[in-house]
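**Q** below: sequence and its predicted model.
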Amino acid sequence: MPSSPAVEVAGLVMRYGDKVAVDALDLTVERNTITAVLGPNGAGKTTTLETCEGYRRPHAGSVRVLGMDPIRQRSALIPRIGVMLQGQGAWSGARALEMLTHIAKLHANPLDVDMLADRIGLHDCGRTPYRRLSGGQQQRLGLAMAVVGRPEVVFVDEPTAGMDPLARRSTWELLGELRDDGVTVVLTTHYMDEAERLADRIHIIDQGRMIASGTPLELTRGGTATIRLVVTKPFPEGAPENLQRALGDQVEVRPISEISLLITGPADHTTLATVAAWCETQGVLPESLNLGQRNLEDVFLEITGRELES
């Protein structure tokens, strides 16, 4: 089995006129993983993936997919990758199943079309022309077209945009099954919960540069957390200030009510132990003590200063 990464991007530079869209970017995608590439609008993620797919030629740096140059070795690479485009690439007048069947016939060893259509929920709209499909149905067809050829690497752009919750969950399951079958999945998404649930590794890009990379756990571990303390009777006078001193300046203790405090800042087992010990010295009984770790959306906002807009 090849030991080289599925995708290797080294020092990639891409420009649109005077604007630098991708700025000396390094990015690696290991084989048999689901990797999410996230970033605010205009961050350079779509340009990066289009370069990996062979649609754009690098202005500087190098790109390798399955060890091949997507431009110079395009004819050898194309049969081995699948691409789900933003515009889907389907003819407007073609019926959904007709389009999927046509794409399947272009491959040497395609998946069974009926099985895939059933798995991804296309049979209910199989005879509908593409232009009349809903946004979610177009997404389902686009994903099916990307994977029907049994690719080794599949690039999927916003795979569940416009889908209802049931179709979205089914798509998550399909992407997980592809990974389990040895396919490398590279995806972009504006849904933080989707990236956090699916991805083995996440790369966050902003202004064409890599600003964070790691597993979902690595990215969300530590940092800011919140502890909400609710007690059975009002706090003694000066109690919040005493707790603030016990915890130190790295955290903020804020009274919510006479029986509730919100503690914000770095949190680990020692923080919880300090709060519990403080309750004992103050003679108050906790009714609830809830720790809420930051999620991927919190991390994204923290390091980019912007929301991930769709």
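**A** Everything's here; your move. Note that the structure is predicted; figures quoted are calculated from it, not measured.

**Q** then stretch 213-231 to CSV, C-alphas only?
**A** Provided in CSV are the C-alpha atoms of stretch 213-231 (Å, rounded to 0.1, in the frame of the first residue of the first chain):
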residue,chain,number,x,y,z
SER,A,213,-4.5,22.2,11.6
GLY,A,214,-5.3,19.2,13.7
THR,A,215,-7.9,16.6,14.7
PRO,A,216,-11.3,18.0,16.0
LEU,A,217,-10.2,17.0,19.5
GLU,A,218,-6.8,18.7,19.1
LEU,A,219,-8.4,21.9,17.9
THR,A,220,-11.1,22.1,20.6
ARG,A,221,-9.1,20.8,23.5
GLY,A,222,-8.1,23.4,26.1
GLY,A,223,-8.6,27.1,25.4
THR,A,224,-11.8,28.8,26.6
ALA,A,225,-14.5,26.9,28.4
THR,A,226,-17.4,27.8,30.6
ILE,A,227,-18.5,26.5,34.0
ARG,A,228,-21.9,27.3,35.2
LEU,A,229,-22.4,27.0,39.0
VAL,A,230,-25.9,27.0,40.5
VAL,A,231,-26.2,26.6,44.3
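
**Q** and Leu198, what is it in contact with?
**A** Ile34, Ala36, Trp172, Leu175, Gly176, Leu187 (CB atoms under 8 Å, 6 or more residues apart in numbering). From N, CA and C alone the C-beta is placed, and that goes for glycine too.

**Q** farthest pair within the residues you listed?
**A** Greatest spatial distance among those (CB to CB): Ala36 and Gly176, at 13.2 Å.

**Q** compare neighbour counts for these two and give me the winner.
**A** Shown here are Ala36 and Gly176; by other CB atoms under 10 Å, Ala36 has more neighbours (25 against 14).

**Q** how much space separates the residue of the chain most remote from its centre from Leu261?
**A** The outermost residue of the chain relative to its centre, with distances by CA atoms, centre = their mean, is Glu237 at 46.4 Å. As judged by CB to CB, to the nearest Å, Glu237 and Leu261 stand 14 Å apart.

**Q** residues near Met145, how many?
**A** 23.

**Q** sorry, that was for Gly67
**A** Neighbourhood size, Gly67 [other CB under 10 Å]: 12.

**Q** having no further points to raise, I will conclude here.
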